[in-house]
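S.K.: This is the structure alone, sequence omitted:
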């Protein structure tokens, strides 16, 4: 399961490392905030598409070779992009990075299905998810703290080099390929068009996709443009100082098991409404000019986002009307699409109205999420 953690670590480190230095990227290339966010939005769009690729990838492809090759090439592409003096070449390198890391989730699903016994699958998947969370956080912190004001390329190159070393190591970490699938492997099957359509149009399931889209949209809208706020004259924080504003994400990762227990007690409607209320309320706190209020606001936003994601995933797992593999793929497609679309569009509002517009948009997304939850999700079956 160590390979699952390492693959998730590299994937999300490469994906999110530029987030705390988006304001430096915008300054270097003289582009508006929403354009700099494309270094996150476009690779995330590739990851969104890869969520659907999970349905079509064949077992004939050997993940033990595919994952290390994809991650090694992704790290190299990202490294070359950081060396580029051209904004368009950097963007092209980030798109290529997104295409390559987009291969990894589907390939890892295939690998775990073949090599991990069903009774250990939960632990194996949680290990991979833990790797993605750790990679996203460590990539952000490393890139942000190693950057100096106005100079970020060397820090992002360093994260790319570390990712490259881990990727090359993965060639030796995967177990040898078996001549035949393990007895615990799920049988290969063709994609069922009717099942796909049912998973996409069943109202109780499709509403969860939209909830995931709204959750990720509100979350990314805050954290993509947080460096612009904290480096502005309003706060004037140094690059290393503002990077620590991403630490609240760690509280969300740690609190996920608690949210799971709360979900079992409260049910999907209450828990999802609670999550959206936390995101909206935390966002309002970030309107303060005082760091001692802004930082708790970010913690609340992060907790709300993780609570919402874990609750939406659990709600999807309860659905019996559709194939869970199809539903999961659609959910993650919409979830990462929220990151991609909102990551760019929110910047347009920031460019025209500053941080209050960011909070207004996030509050609107949160309110929409609450209304959607109240109209589509059942209340708890038993009182708390």
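M.R.: Nice, I can see it. Keep in mind that what you see is a predicted model, and the values were worked out from it rather than measured.
S.K.: Pick out the residue closest to the middle of the protein.
M.R.: Closest to where the C-alpha atoms of the chain average out (Cα atoms, centre = their mean) is residue 336, at 6.3 Å.
S.K.: Correct me if wrong: it contacts residue 47.
M.R.: Yes. With contact defined as Cβ atoms under 8 Å, residue 336 counts as touching residue 47 (4.9 Å). (Glycine included, C-beta is placed from N, CA and C.)
S.K.: rewinding a little: identify the residue spatially nearest to the residue nearest to the centre of the chain, adjacent ones excluded.
M.R.: The shortest distance from residue 336 to any non-neighbouring residue, by Cβ to Cβ, 6 or more residues apart in numbering, is to residue 48 (3.8 Å).
S.K.: which SS class is residue 379?
M.R.: Following DSSP: H, G, I helix; E, B strand; the rest coil, the label given to residue 379 is coil.
S.K.: Quick check: which helices or strands does the helix or strand bottoming out on mean pLDDT in the chain pack against?
M.R.: Sorting the helices and strands of the chain by mean pLDDT, DSSP states H and E puts helix 103-115 at the bottom, at a mean of 74. Under the contact criterion of 3 or more Cβ pairs under 8 Å, 6 or more residues apart in numbering; DSSP states H and E, helix 103-115 touches helix 2-16, helix 38-53, helix 63-83, helix 121-146.
S.K.: could you give the angle of the third one to helix 103-115?
M.R.: With axes from the mean of the first three to the mean of the last three Cα atoms, to 10 degrees as the basis, helix 63-83 and helix 103-115 are set at 160 degrees to each other.
S.K.: For helix 63-83, name the packing helices and strands.
M.R.: For helix 63-83, the packing partners by 3+ Cβ pairs under 8 Å, 6+ apart come out as helix 2-16, helix 87-101, helix 103-115, helix 153-173.
S.K.: ok, and which of these has the densest surroundings?
M.R.: Neighbour counts (mean count of other Cβ atoms under 10 Å) averaged over each of these peak at helix 2-16, with a mean of 25.
S.K.: quick check: angle from that helix to helix 153-173?
M.R.: 160 degrees.
S.K.: now for helix 2-16, which elements pack on it?
M.R.: helix 38-53, helix 63-83, helix 87-101, helix 103-115, helix 121-146, helix 153-173.
S.K.: Which one, of the ones you listed, ends up nearest to residue 231?
M.R.: For these, proximity to residue 231 was assessed by Cβ to Cβ; helix 121-146 is nearest, at 10.9 Å.
S.K.: Now do the buried residues in the closest one.
M.R.: 124-125, 127-146 (16 or more other Cβ atoms under 10 Å).
S.K.: same deal with stretch 265-272?
M.R.: For stretch 265-272, a neighbour-count test (16+ other Cβ under 10 Å) marks 266, 267, 268, 269, 270, 271, 272 as buried.
S.K.: mind checking how far the fourth one is from residue 375?
M.R.: In this structure, residue 269 lies at 10 Å from residue 375, with Cβ to Cβ, to the nearest Å as the measure.
S.K.: for residue 264, same thing?
M.R.: According to Cβ to Cβ, residue 264 and residue 375 sit 23 Å apart.
S.K.: Check residue 286 too.
M.R.: On the measure of Cβ to Cβ, residue 286 and residue 375 end up 28 Å apart.
S.K.: more neighbours, those two?
M.R.: Legend: neighbour count by other Cβ atoms under 10 Å for residue 286 and residue 375, higher for residue 286 (23 against 9).
S.K.: So the more buried one sits against residue 296, correct?
M.R.: No. Contact criterion Cβ under 8 Å: residue 286 and residue 296 do not qualify, at 9.5 Å.
S.K.: Mean confidence (pLDDT) on stretch 192-202, please.
M.R.: Stretch 192-202 shows a mean pLDDT of 87.
S.K.: Quick one: distance of that stretch to the chain centre.
M.R.: 25 Å (Cα atoms, centre = their mean, to the nearest Å).
S.K.: So which bits of that stretch are buried?
M.R.: Using 16+ other Cβ under 10 Å as the test for burial, stretch 192-202 gives 196, 198, 199.
S.K.: Report the contact partners of the residue nearest to residue 336.
M.R.: Residues in contact with residue 48 (Cβ atoms under 8 Å, 6 or more residues apart in numbering) are 332, 333, 334, 335, 336, 337, 339, 340.
S.K.: What of residue 87?
M.R.: Residues in contact with residue 87 (Cβ under 8 Å, 6+ apart) are 29, 31.
S.K.: and it, how far is that from residue 212?
M.R.: According to Cβ to Cβ, residue 87 and residue 212 sit 31 Å apart.
S.K.: Kindly report the same for residue 354.
M.R.: For residue 354 relative to residue 212 (Cβ to Cβ), the value is 28 Å.
S.K.: who's more crowded, the two?
M.R.: residue 212 (26 against 15).
S.K.: Next up, phi/psi of the more buried one, please.
M.R.: phi -60, psi -40 (degrees, to the nearest 10).
S.K.: thought it was touching residue 333?
M.R.: No. With contact defined as Cβ under 8 Å, residue 212 does not count as touching residue 333 (9.2 Å).
S.K.: excluding its backbone neighbours, what's nearest residue 40?
M.R.: In space, residue 40 is closest to residue 343, 5.4 Å off (Cβ to Cβ, 6+ apart).
S.K.: Give me the neighbour count for the one you found.
M.R.: Residue 343, neighbours per other Cβ under 10 Å, totals 28.
S.K.: With residue 356 instead?
M.R.: By the measure other Cβ under 10 Å, the count of residues near residue 356 is 12.
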